[in-house]
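In: here you go, sequence then predicted model.
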Amino acid sequence: MEAVDKLSEHLKTRMADLVKAKSEGNKIIGYTPGGYLPEELVFASGAIPIGLIRGGDHSIVELAGAYICHWMDTFFRAQIGYGVSGQDPYYGIIDFLIIPITDCHVEALSNVLDYNTNLQILPFGVPHMKEKSTLSYYLHGLKRVKAKLEELTGVEINEPRLREAIHLCNRERQLLREISLLRKSEQVPISSLDFVTLNHGSFLADKEFMIKILELARDELREQAASVQKGPRILLTGSTLAMGDSKVLDIVEEFGGVIVIEEFAEGIRPYWKNINLNGELMETLANFYFMERVPPAWFRPGRERHNFLIKLAKEFNVAGVIWYQLMYRESYKIESYYFPSILKRETGLPMLTVESDYDPSETGQIRTRIETFIETIRR
Amino acid sequence: MTVYYDDLFRLCGFEDDEMGKERLRVEKVLTKLELGPAEMRTARDWVRQNHDVSLVGVRKLLGAWLKELIDLVLAKDEGKKVVYFSFPSIQGPGMAIKAADPEGIYCACPDMVLCHTMGQIFNKLIPILEAGEENGLPPGHGLCSLQQIRVGGLAKGIIPMPDLIIGQSYYCDYGAKVDELLHEKYGHPVAYVDGCKDSKWGEYPAYLPERIKFLGEQLNKFFDKVNETLEVEVTSDAWGKAMAASRLLFSGLGRLTQLMTADPMPVSGVETALALNLSAASTGRAMVEGPEAVSILCEEVEKRVESGIGIIKKGAPRILTLFPAISDASLIHMMEEVGLAVSATLLSVPLPKASQRIPYATPTEVRAEAEMRAGLYHSSFAIAKRFEDVAKTLKVDGVIWGYQHSCRPNAAGSHTIKKWVEENTGLPTLSLEMDFFDSRYYSAGALRTRVEAFADMLRARQASAGDRR
Amino acid sequence: MITAGIDIGAATSKAVILNNDTPLCFSIIPTGSSVVKAAAIVIKKALLKAGLSMNDLDYVVSTGYGRKSVSYAKKAMTEIICHASGVNLSMRQARTIIDIGGQDSKVIRLDKDANVINFVMNDKCAAGTGRFLEVMAGALGVEISQMGPLSLLGKHPCQVSSTCTVFAESEMISLRAERKKLEDLLAGIHRALSRRVVIMGKSLGFEKDVVFTGGVAKNVGIKKILEEEIGLEILVPEEPQIIGALGAAILAKTEYCNSSRLNK
């Protein structure tokens, strides 16, 4: 796809762009990609947000072994590895790292990096239930982030600036949604690999440019007659889908399956709704990011997300669900035990569980499982 | 006429009249738990091997745990409303619920009770762990052994189905997820108490005031749910009773911890481990009779201290740990055998005093503030700092940072806490991956080399410092 | 004074006989399935070599995984303490020991008096130990003694996982089927093992002189990668595999002196 190619070119020079922006006095704000840091706040302060979403490389995960035992989620051990080794240049260029503390693994990352590196870290809490007191707590956190950004950049995050930033991010969400929803049709116009590439790109690319890319992609898809080769339709869900961790997508495609929709806690930017610009904007932001977001598995109770997955499975007319999670993310592990029976009961659909530690030696087992599953649902 | 279980029960402090009163209940429970004459003999030998049964306090503590087990297993049969909480738990809510309806409610942490009884006394915890592994918490994924015990206990029908679970997810994430698993499987209602551990590394004892307000609100909301589900009202009177009972136990524990720092160490850490978890596990008989047993034990230990009697050589290196292994006493004994006096655990020392006047008025917020000071609710850094502060205060010779491999918040500090304590105290610190509740993969034999080498290191340090106390 | 040190490892058992400060001889045997038998055989062999009998031994210290099963040893001490002592005999400047044995690996930090000041150890998992190399040698049909030299010839080391020896073995077989060069596979294997050990020791820090002990220390490929990863020169004693037993024999001297003093 032309859009994907153009995005790739842009990302190749992104570091150089950021270096230039930094030399011109701009601040670069890194954050962990759980969908709880409103980029709008960063844009409204004039800074550039960078989502740290790289993963998939086992040699980086191994580096974390000097700082933490291995009983921690793979993606966050990878972030520790990147943070301490300098092997991800984005870690080197950010002025600040904002970490929304969602579960224990993210908390571990915050502590380990804060103690062992010179990274400037601001953690703020994301509670695990949706109610008045938790929303209020989350809003407190956003206000602290706002204050920190204002201090860093010297720019006041006022209403007009916030409004403009929300418009910008809404446009991106809107486009991602439009493109994603095209996959509801029987003729799937865009592969999961391409969609995920676009989604991942949105964490790193210049926002205006990203929006143009998405518009280009949407237009391309409307015009083209060709589509992805038909095959069993699959919902892919799980904990983290990092940039650089495409093996499940590749293998599904290889065996003729078609992933038509993804749902992940981390790594996939949520795009299901737009922010309504009513009321006090900070409260609106908090409400949108915390209450309106379909929560990840560590929220309790997990029913909202299960219902959402069932809804997606039906609306996208899938033949099966692949649950892809990383090792030691216990919230997902435990759910993967009882969700299949809920899924079966509500939709009759089968589910395959795949786990990974980003280890190349797992590939054989993963291939066997996925191949078998696809054959099963093909019938 | 003696019955096959009399020996063990008397060994565990049961008096004649108690045996008489409880016979029917004891037999029901032993049948349900499949503990026959052979198992009783094994348990009797196991208790003798691991505990100093010459101490009346020890026997009474063992008895208190057995009584709790009996009450747990029979709670539903005897018409009680059953409430479960997990570990670690905020001190208070469970006790307050019990105090609100002492006759009608049974409230406990069943996993802890099973550890101290089926584990520590009967050495029959493994089948329960395995049942947990088979019912949603498989091995190899670092899933909490306590949760495995709870799930296994329910699956095997050993512990009754609860009417309410107190989902205390303020410390970890998967206690709450297991509560949900149980809800899906059995329909148990769950009342959650959420927490948000977002303090920054380096930030202790300071904290954001919102954290207190948040936990306070969570506790209030939780009591509303309790009201709704169990039709019980937790009044401030009940809350007050709960706090009083807690204080009584903790003052006894504090005294015991103080006595343990004597040189030579007067009793084994396995005895203090019996006392430590009473409030973490029970709101019933163990909590009622426990403090009395602790008192008796303190008297006996004090006599030993006065006479200079100890179970380890005088001058043995003194160690601070986080928490003792509780279902397998051989782990603590191994540490003592290699010559270490594990004189204090972080969870048994008194809380640090509040650094300023506490501005919180509501009991739940006062409770939340105490939890913040204690460290577990605060953050990983708080644990590191508490280790540092307590190690310095107690003037220990070394720290064994024994962490629960399957507890994510705990294990996350595997390297950082060791490094912090070493750098800020100058004390040798052993980072020891272990399992406090399931010693299958972390047995005394498996851990011995590290602990023994650490003990040798400490003794060499003592020798070169010319410091023979 | 004649002392002996016995190191009963999970893979091999070693005995060293010491005459005051001079090692007289040593023996190495596979431990096999009976540590008691191994303990009996290994000392017999050593005594035979030295032309001595059990009665000539003034004191025996045992170490290693099977140290409690050596009935003729007066005392059992951990391999960490024994390694520190063993290295110190000939390498006074040693401040870090990397020991990679058949089934465990350790990094030990020492002070100038050969006291252990910190240590870290892996015995839960075969990756990062000699067993990893053994399994790979089997999978690739290579002699263990050839692995090191061959690995040095690998120009493009394959990426090999070191998380699980069993899976790495299957990975090796499929990579071989893909016609990857043997030298590159070996280089990848050596890299995986070395990195794992270096990462384990990183939290302690490496200070020179760094000494490499254990059976795997004879492997030139591992030594080279360790040097690259740590950035320091690595010294290997003449007989790296017997350092634990040697240290035990040296500590036996001290124990003997202490006990004679007590008896006076």
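Out: Thanks, I have the structure now. Numbers count the residues shown, from 1 in each chain, chains lettered A, B, ... in the order given.
In: tell me how many other residues crowd the closest residue to residue C:253 other than its chain neighbours.
Out: Distances taken as CB to CB, 6 or more residues apart in numbering or on different chains put residue C:3 closest to residue C:253, at 5.3 Å, once the chain neighbours are dropped. Heads up, the C-betas are built off the backbone N, CA and C, glycines and all. Residue C:3 has 24 neighbours, counted by other CB atoms under 10 Å in any protein chain shown.
In: which stretches of the stretch 151-264 of chain C have low pLDDT?
Out: By pLDDT under 70, the weakly predicted segments of the stretch 151-264 of chain C are C:264.
In: what parts of it come near chain B?
Out: Neighbours of chain B within the stretch 151-264 of chain C, by CB under 8 Å from any CB of the partner chain: residue C:203.
In: which single residue in the stretch 151-264 of chain C comes nearest to chain B?
Out: residue C:203 (5.3 Å; CB to the nearest CB).
In: now that residue: phi and psi?
Out: Note on residue C:203: its backbone torsions stand at phi -70, psi -20 [degrees, to the nearest 10].
In: okay, the residue nearest to residue C:253: pLDDT?
Out: The model reports residue C:3 with a pLDDT of 96.
In: which other helices and strands does the one helix or strand it maps to contact?
Out: For residue C:3, the element it lies in under DSSP states H and E is strand C:2-8. Applying 3 or more CB pairs under 8 Å, 6 or more residues apart in numbering or on different chains; DSSP states H and E, we find strand C:2-8 packed against strand C:12-19, helix C:35-50, strand C:59-63, helix C:79-90, helix C:243-263.
In: could I get the ones you listed as TSV with mean neighbour count?
Out: Converted to TSV, these look like this (neighbours: other CB atoms under 10 Å in any protein chain shown):
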stretch	mean neighbour count
strand C:12-19	26
helix C:35-50	19
strand C:59-63	28
helix C:79-90	27
helix C:243-263	21
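In: distance to residue C:130 for these - can I get that in CSV?
Out: Shown next, in CSV, are these (distance: least, CB to CB, whole Å):
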stretch, distance to residue C:130
strand C:12-19, 9
helix C:35-50, 17
strand C:59-63, 17
helix C:79-90, 14
helix C:243-263, 14
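In: what's the closest non-adjacent residue to the residue positioned nearest the centre of chain B?
Out: The geometric centre of chain B, computed from its C-alpha atoms, lies nearest to residue B:277 (CA atoms, centre = their mean), at 3.4 Å. With sequence-adjacent residues excluded and distances taken as CB to CB, 6+ apart, residue B:277 is closest to residue B:112, at 5.6 Å.
In: list the contacts of the one you found.
Out: For residue B:112, the contacting residues are B:87, B:146, B:277, B:280, B:281, B:282, B:326, by CB atoms under 8 Å, 6 or more residues apart in numbering or on different chains.
In: so what pLDDT did the residue lying closest to the fourth one once chain neighbours are set aside get?
Out: Right, the one you point to is residue B:280. Spatial nearest neighbour of residue B:280, excluding adjacent residues (CB to CB, 6+ apart): residue B:87 at 5.5 Å. Per-residue pLDDT puts residue B:87 at 88.
In: neighbours around residue B:87, how many?
Out: Applying other CB under 10 Å, we find 23 residues neighbouring residue B:87.
In: mind telling me what element it is part of?
Out: Applying DSSP H and E, one finds residue B:87 in no helix or strand.
In: contacting residues for it?
Out: Residue B:87 makes contact with B:109, B:111, B:112, B:146, B:277, B:280, B:281, according to CB under 8 Å, 6+ apart.
In: need the contact list for the residue in the stretch 1-150 of chain A positioned nearest to chain C.
Out: For the stretch 1-150 of chain A and chain C, the shortest gap (CB to the nearest CB) falls at residue A:66, measuring 3.5 Å. Going by CB under 8 Å, 6+ apart, residue A:66 touches A:84, B:415, C:199, C:200, C:202, C:203.
In: which elements pack onto the top helix by length along chain B?
Out: When every helix of chain B is counted residue by residue (DSSP state H), the longest turns out to be helix B:236-260. Secondary-structure packing of helix B:236-260 (3+ CB pairs under 8 Å, 6+ apart): helix B:93-100, helix B:269-276, helix B:278-281, helix B:285-307, strand B:341-345, helix B:363-374.
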